[in-house]
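1. Next come a sequence and a model predicted from it.
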Amino acid sequence: MSPSKVPVTIVTGFLGAGKTTLIRHLLENAGGRRIALIINEFGDVGVDGDLLKSCGAPACGDDGIIELANGCLCCTVADDFLPAIDRLTAGAYRPDHIVVETSGLALPKPLIKAFDWPDVRARLTVDGVIAVVDAAAVAAGRFADDPAAVLAERAADLAIDHDNPLEEVYEDQLLAADLVILNKTDLLDADAVRQVVTGIEASLPRAVRVLPVREGRVDADVLLGLAVAAEDDLLARPSHHDGLGAHDHDDFATFAVDVTVDSPEALVARLKAVVEAHDILRVKGFVAVPGKPMRLLVQGVGARFRTGFDRPWRPDEARASRLVVIAEQGIDEAAVRAALA
């Protein structure tokens, strides 16, 4: 890492995963580092800023905290991120390190790409990408502690221009990460924590440490100083949106379909026929198979499908059979629904 460049740590993760708690602990135990913050958590921005400014540590001063509430940074890099960086690096508060707390709906890769821009590359480098994960929420198969709050965040912020399924946002955050912080492990037993860790590790295309923690308590030396220069390592960070051109999802349609199921084999056969007839990109979801106590996970990419029972149905949840369909705009949604219903 060039000594003239300011290292930047990107902290990503869903609303409620514990990003602010992690950062506050970092500030309170900064070890003399001058840390600047860019906070982009929509809806809780004011709360987050107040929490961090009031932490009582020298690194929590007002001059080193910039709050952005105009949409997730992955969609507003030029309008919001670059001016914020200019304010931090040109002002009297010259930071040793910058931490960016993204919106829970942010896709990290477009933000990482911004560090490859010549004006940014000359001054900054991505020291590392930290993905904060709610262990209990992932163990329950919902990714976020309060999915309704996450969806409300999306609906309320018109500047967010992507409407991809929450599972894809979660996967993109993991795929971009250099370190995964598995938070709230005190809500699970040891076996459940191991299962979540194993599941995350299996989903990653490269070796990334998954660190189980409680209440965001991670040593600053673990979070900072990774020196990975992520802007030079984009190919190792795949995304669901690679190859789609600009960060704009208006060319794609996503809708959910309730289906009837006789058997997994019959469902897959029907799905393959519909995918081939309508050029569908992806199909994913959970279905209830008659006579089976467990939920069936369905994953399809093009005409390739994988199914497996992932966990028993809970007594308090409806045994619904619903699939998410992702295709290019212009797809005959009515015909797809009729074929799958």
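-> Yep, that arrived.

2. Under the pLDDT cut-off, which ranges of the stretch 201-341 of the chain? List them.
-> 243-252, 301-302 (pLDDT under 70).

3. how about the helices in it?
-> 220-223, 264-278, 333-340 (DSSP state H, counting those that start in this stretch).

4. Turn these into a markdown table, including mean neighbour count and distance to Asp134.
-> All C-beta spots, glycine's among them, are computed from the backbone N, C-alpha and C. Putting these into a markdown table (neighbours: other CB atoms under 10 Å; distance: least, CB to CB, whole Å) gives the following:
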| stretch | mean neighbour count | distance to Asp134 |
| --- | --- | --- |
| helix 220-223 | 16 | 18 |
| helix 264-278 | 16 | 30 |
| helix 333-340 | 15 | 32 |
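
5. For those, give me TSV that also has distance to Asp186.
-> Shown next, in TSV, are the helices of the stretch 201-341 of the chain (distance: least, CB to CB, whole Å):
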stretch	distance to Asp186
helix 220-223	19
helix 264-278	36
helix 333-340	41
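
6. Among these, which comes closest to Val298?
-> Proximity to Val298 (CB to CB) singles out helix 264-278 among the helices of the stretch 201-341 of the chain, at 7.2 Å.

7. packing partners for that closest one?
-> strand 282-288, strand 294-301, strand 304-312, helix 333-340 (3 or more CB pairs under 8 Å, 6 or more residues apart in numbering; DSSP states H and E).

8. which outside residues touch it?
-> 259, 261, 280, 283, 287, 289, 296, 298, 300, 302-303, 305, 307, 323, 327, 331-332, 335-336, 339-340 (CB atoms under 8 Å, 6 or more residues apart in numbering).

9. That one vs strand 294-301, what angle?
-> 30 degrees (axes from the mean of the first three to the mean of the last three CA atoms, to 10 degrees).

10. quick one, helix 264-278 and strand 282-288 angle?
-> 150 degrees.

11. Quick one: closest of the helices of the stretch 201-341 of the chain to Pro212.
-> Nearest of the helices of the stretch 201-341 of the chain (CB to CB): helix 220-223, 12.6 Å.

12. Off-centre distance for the closest one?
-> 21 Å (CA atoms, centre = their mean, to the nearest Å).

13. now swap in stretch 186-201 and tell me
-> That offset, for stretch 186-201, works out to 19 Å (CA atoms, centre = their mean).

14. and what of stretch 295-308?
-> 22 Å.

15. residues of that stretch that come out buried?
-> By neighbour count with 16 or more other CB atoms under 10 Å, stretch 295-308 contains the buried residues Arg295, Leu296, Leu297, Val298, Gly300, Phe305, Thr307.

16. before we move on, the earlier item: need the helices and strands packed on helix 264-278 in a markdown table with distance to Ala131, can you?
-> Below are the helices and strands packed on helix 264-278 laid out as a markdown table (distance: least, CB to CB, whole Å):
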| stretch | distance to Ala131 |
| --- | --- |
| strand 282-288 | 20 |
| strand 294-301 | 21 |
| strand 304-312 | 21 |
| helix 333-340 | 33 |
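
17. Please name whichever of the ones you listed is nearest to Val133.
-> strand 304-312 (17.4 Å).

18. got the angle for the closest one vs strand 282-288?
-> Going by the same axes, to 10 degrees, strand 304-312 makes 30 degrees with strand 282-288.
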